[in-house]
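# Return atomic coordinates for the entry below.
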Amino acid sequence: MLDKLDLDQKKLGERFYLICLGIYISVNFMSGTTFSKAYGLEAIVFFLRISQLTAILVLLKVFLFDKHRFKDLCLLGALLGLLFIICKQAHELDPFFITCFILAAFKVDYKKILKVYIGTELALLLGVYFATLIRLVPNNIIWREGAGIVRAGLGLATPSDLAAHIFYLMLAYAVYRDFSFKKQELAYLGVISALVFAITNSRLDAILMVLLLLALLFKQTLFERLKALGTAWVTGIVIGYAFFDLLLTYFYTPTSPFYQTLDLLLSRRLFFGQMAFLNYPLRFLGQYIYQNGTGDPRGFEIYYFIDSAFVQALMMFGIIFFIGMLLLLSYLIKKSFKMSNYSLVVAILLIVFSMAINHHFWHISYNIIILATLAKLSAPVLEK
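Numbers count the residues shown, from 1 in each chain. The predicted structure follows:
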């Protein structure tokens with residue numbers, strides 16, 4: 001009888017979590033669309049209030065449904081308190097909100113999390129596109145400077161955001177399928193990638209999609225190489241890459257032909273990233289850095305945006321936060337190797353690679369991989 005009650009409580013907690021997750025993904029997605037441009041400050045405040053409410057609600061699972069020891073709950077409370085202070089300093093609450101969902105994902109079936117994410121994202125992408133067709137919201141169209149190329153966002157704040165959403169959606173679907181696809185299915189994914197590039201002209205996201213397709217195509221060989229490398233080497237590569245991106249940005253020299261070419265290919269990400277190092281001190285608990293991107297509802301006045309998630313983590317959120325982010329990635333890699341879930345390892349590596357060029361690591365409507373940290377992972381089904 002007690003075992004049945006315990007099982008029912010777990011199922012109830014899991015269902016409650018998945019409902020909160022679907023709501024928060026929707027709100028986080030909508031805050032990155034042109035709805036905020038169309039409806040102004042009221043829309044931004046509304047999305048923020050719903051985010052706050054769902055974060056508070058999902059924590060109820062941690063304290064009511066999950067059977068943590070009292071000292072563990074005190075530790076989690078202290079962690080959330082410190083993170084909230086850091087995020088308030090940076091004027092950016094997304095890392096705090098997503099951490100609530102990471103903690104509440106404890107023992108939730110990760111495949112169910114992926115299923116909710118994939119279904120919600122598809123519905124929202126189609127819904128926002130339809131809203132642009134009936135002119136309920138504007139379609140953000142941008143000219144690529146010096147190239148005369150039209151880039152469309154189809155209801156997203158920027159064309160790059162649209163391309164990033166499609167990449168992360170493809171990645172989540174690939175993990176859900178354990179990277180097992182027929183060649184015909186890979187061809188369909190290739191067509192989708194080509195169409196996204198034609199619409200958005202997002203070169204860096206196109207590269208990420210090509211890398212994902214190659215990983216799917218050469219899955220077996222790639223998994224064997226990762227298994228041979230092991231946890232320590234892969235973790236070392238990830239941490240080394242993070243510091244490489246920081247050093248590359250810090251030592252950016254605008255007069256260097258090498259840097260000029262590289263920065264042009266990266267759409268001036270190195271130039272804007274270095275401005276953060278030059279204009280702001282390094283702090284332990286973060287600081288506010290004013291940014292105004294092309295999709296910002298405040299208007300295109302003076303463009304300044306830090307795209308690198310590594311530079312953002314260090315300069316906006318501080319040293320403690322940056323170290324914590326690397327520890328989180330290290331733990332997730334270790335857990336994936338332990339479960340022999342190499343599709344998740346590849347997903348982590350692709351996301352880490354993308355972190356040098358986009359800032360979506362802490363946005364749940366993009367990066368659902370991060371929720372695998374405490375969720376229940378199952379070993380992938382071996383192909384016969």
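# burial of the residue nearest to L156 when sequence neighbours are not counted, as a residue count?
Of all residues not flanking L156 in the chain, L162 sits nearest, at 4.2 Å (C-beta to C-beta, 6 or more residues apart in numbering). Just so you know, the C-beta spots here come from the backbone N, C-alpha and C atoms, and that holds for glycine as well. When neighbours are counted by other C-beta atoms under 10 Å, L162 registers 27.
# Which of the helices or strands spans L162?
Counting by DSSP states H and E, the element that carries L162 is helix 159-176.
# lowest average confidence, helix or strand, in the protein?
Comparing helices and strands within the chain by mean pLDDT, DSSP states H and E singles out strand 141-144 as the least confident, with a mean of 68.
# For the stretch 251-384 of the chain, give me the ranges with low pLDDT.
Along the stretch 251-384 of the chain, the parts satisfying pLDDT under 70 run over 294-301, 381-384.
# Show me how far the helix holding L162 is from its chain's centre.
Taking the mean of its C-alpha atoms, helix 159-176 sits 10 Å from the chain's own mean (C-alpha atoms, centre = their mean, to the nearest Å).
# Tell me the spacing between F167 and G286.
F167 sits 28 Å away from G286, going by C-beta to C-beta, to the nearest Å.
# Same check on H91?
For H91, the distance to G286 (C-beta to C-beta) stands at 9 Å.
# who has more neighbours, those two?
Counted by other C-beta under 10 Å, H91 and G286 do not tie: G286 has more neighbours, with 25 against 13.
# Would you confirm that that one belongs to a strand?
No: assignment of G286 by DSSP: H, G, I helix; E, B strand; the rest coil gives coil, placing it outside any strand.
# hang on, it packs against Q312?
No: the criterion here is C-beta atoms under 8 Å, and G286 misses it with Q312 at 10.0 Å.
# what about stretch 60-75, start to end distance?
End-to-end distance for stretch 60-75: 16 Å, by C-alpha to C-alpha, to the nearest Å.
# average pLDDT for that stretch?
On average, the pLDDT along stretch 60-75 is 88.
# Which of the residues in it are classified as buried?
Neighbour-count burial for stretch 60-75 flags K61, V62, F65, D66 (criterion: 16 or more other C-beta atoms under 10 Å).
# for the third one, what are its contacts?
Neighbouring residues of F65 by C-beta atoms under 8 Å, 6 or more residues apart in numbering: Q9, K10, L12, G13, F16.
# just the buried members of these?
Buried by 16+ other C-beta under 10 Å: G13, F16, out of the contacts of F65.
# would you list the contacts of F65 in a markdown table and tack on distance to I351 and pLDDT?
Putting these into a markdown table (distance: C-beta to C-beta, whole Å; pLDDT from 0 to 100) gives the following:
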| residue | distance to I351 | pLDDT |
| --- | --- | --- |
| Q9 | 33 | 69 |
| K10 | 29 | 75 |
| L12 | 31 | 87 |
| G13 | 27 | 87 |
| F16 | 27 | 93 |
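# With adjacent residues omitted, what lies nearest to I351?
According to C-beta to C-beta, 6+ apart, the nearest residue to I351 is I369 (5.8 Å).
# do the same with A206
Closest residue to A206 apart from its sequence neighbours, by C-beta to C-beta, 6+ apart: F197 at 4.3 Å.
# Need the contact partners of the helix or strand where that neighbour lies.
Here F197 is covered by helix 183-200, with elements defined by DSSP H and E. Residues external to helix 183-200 that are found in contact with it (C-beta under 8 Å, 6+ apart): 151-154, 159-160, 162-163, 166, 170, 181, 202-203, 205-206, 209-210, 213, 216-217.
# ok, and for the helix or strand just after that helix, which residues are buried?
On the C-terminal side of helix 183-200, the closest following helix or strand by DSSP H and E is helix 203-217. Buried residues in helix 203-217, counting neighbours by 16+ other C-beta under 10 Å, are found at R203, L204, D205, A206, L208, M209, L211, L212, L213, A215, L216.
# Just to check, the fourth one is in contact with A163?
Yes: look at A206 against A163 with C-beta under 8 Å: they come within range, at 7.2 Å.
# Now F317: phi and psi?
phi -100, psi -10 (degrees, to the nearest 10).
# Touching, it and F84? I think so.
No: using C-beta under 8 Å, F317 makes no contact with F84, being 11.9 Å away.
# Same drill for those two, tell me which one is more crowded.
When F317 and F84 are compared on other C-beta under 10 Å, the one with more neighbours turns out to be F317, at 24 against 14.
# ok, the more buried one to Y290 distance?
Here the criterion is C-beta to C-beta. By it, F317 lies 15 Å from Y290.
# got it, and A194?
With distances defined as C-beta to C-beta, the gap from A194 to Y290 amounts to 37 Å.
# Take the buried residues of stretch 60-75 and write them to TSV, including secondary structure and distance to G273.
Listed next are those as TSV, based on DSSP: H, G, I helix; E, B strand; the rest coil; distance: C-beta to C-beta, whole Å:
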residue	secondary structure	distance to G273
K61	helix	37
V62	helix	35
F65	helix	42
D66	coil	39
